[in-house]
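> Make a model of this:
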Amino acid sequence: MQAALLRKPRALGAVGLDRAELALLALLAVWAVAPLVLLFVGLPGVPAESVGRGTFTGSGGLVVDDHAQYIAWIREAGDHVLFSNRFDTLEDPRLFLHPMWLLSGLASKLGLSLQLAFGLWKPVGLAVLLAGFALYVRRLLAPGGARVAALALALFFASPAMWLTAWGGLGSLDFEFGSLTMGIELFAAGYLWDLVPTAVSVGLIPLFLLGAERLLDPGRRTQGRSARWYAGWTAAAGLTASWLHPWQGLTLLAITAGLVVWGGFSRHYLSLAVPVAATALPLVYYLALSFTDSAWQTVSGPNGMPHVGAWLFAALAPLALLALPGLRERPGGDLQERMLRLWPMAALTVYFALQSSFFYHALAGLTLPLAVLAVRGLRTVRLPRAVVAATVLVLTLPGMAYQLDLFREGAPAHFLTRDESTAMRWLEANPRGGAVLASPNLAVQVPAMAGRRTWFGHATWTPDNGARRKTAEALFAGQLPEAAVRDEVRRSRAAFLLQGCVAGAADLRPALGPMLGSTHQFGCARIYELRGAGT
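Alright, predicted model coming up:
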């Protein structure tokens with residue numbers, strides 16, 4: 001029975017979880033819904049004005065901008081199948097097809113709210129992530145405490161650098177940004193805070209590797225299953241992982257290439273041709289997008305973000321140092337052992353090779369191979385079980401507590417006030433075309449909530465987003481001369497200005513002067529409709 005469990009990847013319902021794995025499943029499920037509990041039920045320390053007030057944007061995690069982007073894509077996919085970048089006022093052709101958001105878009109057209117159509121992917125992400133991680137750990141570790149420790153570390157590792165920096169007041173702003181970024185990328189359970197494409201993609205990597213092993217080693221196949229069957233679902237895993245999150249597709253191709261080189265370029269590896277081709281296909285699509293006249297050219301260009309800093313070593317060191325002794329065991333001819341060792345090198349190769357896009361995503365899922373090797377490393381030095389358990393707790397629980405605290409502080413950003421929501425609905429229903437220049441607290445929500453383009457909003461998808469945000473902050477606070485206000489509004493090509501419910505908001509009517517067509521007041525929110533602009 002145990003051999004069958006090791007050899008046959010199955011859906012989560014058929015995996016046959018033991019008690020420890022069920023406990024981790026329960027913890028993972030609690031973690032996945034924790035933001036919603038904080039937002040709608042409230043807990044001590046959560047401001048009352050943050051709990052269930054106004055309109056929920058659909059974001060149940062830390063990265064609100066990405067969630068708003070996903071929901072904007074869902075809206076457009078439901079209307080047009082293909083979708084474009086909505087975080088710039090320049091017209092952009094609809095070229096992007098994403099299977100997850102297309103299905104959500106269809107669900108929204110059938111009557112589900114955009115928020116619910118987005119949130120329904122959370123249990124899917126949970127199932128795929130846990131199934132992939134659990135099956136991979138089972139393949140490489142014997143039953144017992146080591147297997148449980150590795151699975152816990154793989155799912156819940158949160159680098160101490162993240163919480164020590166914040167709670168201890170250590171490090172520069174750059175270090176804090178880097179450690180927070182690494183904390184999000186290297187925290188697998190955190191993907192369930194509505195970074196579901198990452199969760200599904202990362203959960204499919206081990207399933208691809210297990211399938212590749214069965215293609216190359218017939219002795220590991222389940223009786224009655226053919227090579228064609230394994231090639232089919234391995235290709236499906238690679239295709240889906242690569243399409244949902246291309247950084248993981250690149251990592252899979254790098255692992256496969258390393259395996260072929262390690263094996264001496266034998267013809268034996270031709271059995272991986274179909275899965276490799278399926279994994280590469282979405283990457284060819286993304287490459288083609290980067291040569292179009294769309295925003296993909298901007299996103300695919302060099303971004304000047306740093307690859308190396310003290311934060312990188314602080315984030316990786318706890319698991320990487322523990323993993324080093326685990327490399328002492330020779331992989332020999334065991335293909336999965338080879339892939340286990342290739343995985344970290346492949347991810348880091350993709351990370352350092354990419355100069356464009358948000359290359360930090362290449363490190364997502366890296367905790368799984370490192371956790372397996374780390375537990376082996378702890379076993380080789382023969383530490384008492386209590387010390388191993390304490391190590392796992394130190395590398396998981398404080399970081400989880402810090403992320404909850406960070407989410408609690410930012411909880412108000414997940415709601416629009418009732419007045420802001422009414423203003424968004426007015427923009428959505430207005431038959432006049434045109435983009436929106438919104439105050440910074442609302443800009444990222446305009447494409448999702450109002451279905452319109454916005455002059456700025458998303459750090460990656462808005463050209464020169466930082467400068468545009470600063471300009472908007474000064475404009476809506478009344479800090480620009482009247483002539484500068486009119487110049488910036490013309491430059492934005494917006495048809496509407498949307499002012500949110502924030503303290504210190506200025507009355508822009510005098511500054512807009514003859515540009516102003518009409519003003520619409522919605523409680524504390526206001527819309528300025530401009531004459532002849534943005535059509």
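
> Just the pLDDT at the nearest residue to residue 85 once chain neighbours are set aside, thanks.
Closest residue to residue 85 apart from its sequence neighbours, by C-beta to C-beta, 6 or more residues apart in numbering: residue 295 at 3.7 Å. From N, CA and C alone the C-beta is placed, and that goes for glycine too. Per-residue pLDDT puts residue 295 at 85.

> ok, the spatially most central residue of the chain - contacts?
The chain has residue 195 as the residue nearest its centroid, 3.7 Å off, counting by C-alpha atoms, centre = their mean. With contacts defined as C-beta atoms under 8 Å, 6 or more residues apart in numbering, residue 195 is in contact with 61, 63, 66, 184.

> Just give the number of residues close to the residue nearest to residue 85.
Residue 295 has 23 neighbours, counted by other C-beta atoms under 10 Å.

> isn't it right next to residue 94, touching?
No. In this structure, residue 295 is not within contact of residue 94 by C-beta atoms under 8 Å, at 11.4 Å.

> Now the common contact residues for those two.
Shared contacts of residue 295 and residue 94, defined by C-beta under 8 Å, 6+ apart, comprise residue 84.

> on that earlier part again, Produce a ChimeraX select command limited to the buried residues of the contacts of residue 195.
Buried subset of those, written as a ChimeraX selection, criterion 16 or more other C-beta atoms under 10 Å:
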select :61,66,184
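
> backbone phi and psi for the residue nearest to residue 97 when sequence neighbours are not counted, please?
Leaving aside its chain neighbours, residue 97 sits nearest to residue 82 (5.6 Å; criterion: C-beta to C-beta, 6+ apart). Per-residue torsions, residue 82: phi -80, psi 150 (degrees, to the nearest 10).

> Could you do residue 437 as well?
phi -100, psi 110.

> again, but for residue 90
Torsion angles, degrees, to the nearest 10, at residue 90: phi -70, psi 140.

> my guess is it meets residue 492, correct?
No. The pair residue 90 / residue 492 is not scored as a contact, 10.5 Å apart, by C-beta under 8 Å.

> ok, these two, which is more surrounded?
residue 492 (24 against 12).

> Wait, that one touches residue 436, no?
No. Using C-beta under 8 Å, residue 492 is not in contact with residue 436, being 9.1 Å away.

> what is in contact with the two at once?
By C-beta under 8 Å, 6+ apart, the residues touching both residue 492 and residue 436 are residue 455.

> what's near enough to touch the residue nearest to residue 276 when sequence neighbours are not counted?
Distance criterion C-beta to C-beta, 6+ apart; nearest residue to residue 276, sequence neighbours excluded, is residue 256 at 5.7 Å. Contacts for residue 256 were tallied using C-beta under 8 Å, 6+ apart; they are 212, 272, 276, 279.

> Give me the buried entries from those.
212, 272, 276, 279.

> so what's the backbone phi/psi at the third one?
Okay, so that is residue 276. The phi/psi pair for residue 276 (degrees, to the nearest 10) is phi -70, psi -40.

> so where's this structure uncertain?
Filtered on pLDDT under 70, the chain yields the residue ranges 1-16, 42-53, 167-173, 533-535.

> which of the residues in stretch 117-133 are buried?
Along stretch 117-133, these residues count as buried under the neighbour rule (16+ other C-beta under 10 Å): 117-119, 121-122, 125-133.

> Can you name the two of these that sit furthest apart?
The distance between the two most remote of these (C-beta to C-beta) is 26.6 Å, for 117 and 133.

> Sort out which one of the contacts of residue 256 lies nearest residue 381 for me.
residue 212 (31.7 Å).
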